[in-house]
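Q: fold the following and give me the result.
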Amino acid sequence: MSRLLRNAVAGVLMMSATAAALAANDGQLRVDQLLGSDAEYRESWQDAVEGEERLPDWVLNLTGSSPQQMSAVTEDGDKYLVGPLCEAADKCTYKRLIVAFSWDKDDAYGMLVEVPEGLPSDKSPTRHAQYRWLGKPDDGMKAMLQEQLKRDPNWY
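A: All right, here's what the predicted structure looks like:
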């Protein structure tokens with residue numbers, strides 16, 4: 001095999017490996033990774049939950065189970081990083097949190113949603129849910145967080 005051909009093959013292999021690595025980690029985070037990724041996220045979340053009473057540890061520390069990656073959402077012209085967190089993977093129907101962090105990481109908001117466990121499957125979780133707002137969201141932010149919840153096909 002000529003040197004030129006070997007170099008070409010090596011180059012193609014390196015480019016393939018790099019592309020695979022980039023595809024595996026496209027830079028998007030899940031909620032349960034957020035506080036460990038950046039001190040600014042941690043500070044804004046602490047501000048959002050400051051003074052709140054009787055919040056579970058998984059909410060205070062964002063350490064539950066993240067069913068999907070966070071996504072960019074625009075609300076009233078401002079961009080937010082938004083995503084869901086569940087107490088545990090098997091309890092997402094009963095205990096979940098939707099969070100939103102401003103693009104500049106200065107503000108954080110949350111909507112804690114709790115549904116009584118053991119609710120019969122023929123009962124709508126929407127009608128039995130209790131909502132708790134974190135970070136003092138305005139009406140537009142509340143609507144955006146509720147819209148994110150409605151995107152779950154198991155939420156009706």
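Q: mind listing the helices for the chain?
A: Ranges of helices within the chain are 3-24, 31-37, 39-49, 57-60, 125-128, 139-150, based on DSSP state H.
Q: who's in contact with the closest residue to Ser44 other than its chain neighbours?
A: With sequence-adjacent residues excluded and distances taken as C-beta to C-beta, 6 or more residues apart in numbering, Ser44 is closest to Ala108, at 4.2 Å. To be clear about C-beta, it is placed using only N, CA and C from the backbone, and glycine gets the same treatment. With contact set as C-beta atoms under 8 Å, 6 or more residues apart in numbering, Ala108 has these partners: 41, 44-45, 47-48, 99-102, 134-135.
Q: out of those, which are buried?
A: 41, 44-45, 48, 99-102, 134-135 (16 or more other C-beta atoms under 10 Å).
Q: any chance of these in CSV, plus distance to Lys150 and pLDDT?
A: Below are those laid out as CSV (distance: C-beta to C-beta, whole Å; pLDDT from 0 to 100):
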residue, distance to Lys150, pLDDT
Tyr41, 25, 97
Ser44, 25, 98
Trp45, 24, 98
Ala48, 22, 98
Val99, 16, 98
Ala100, 15, 98
Phe101, 20, 97
Ser102, 22, 97
Leu134, 19, 98
Gly135, 20, 98
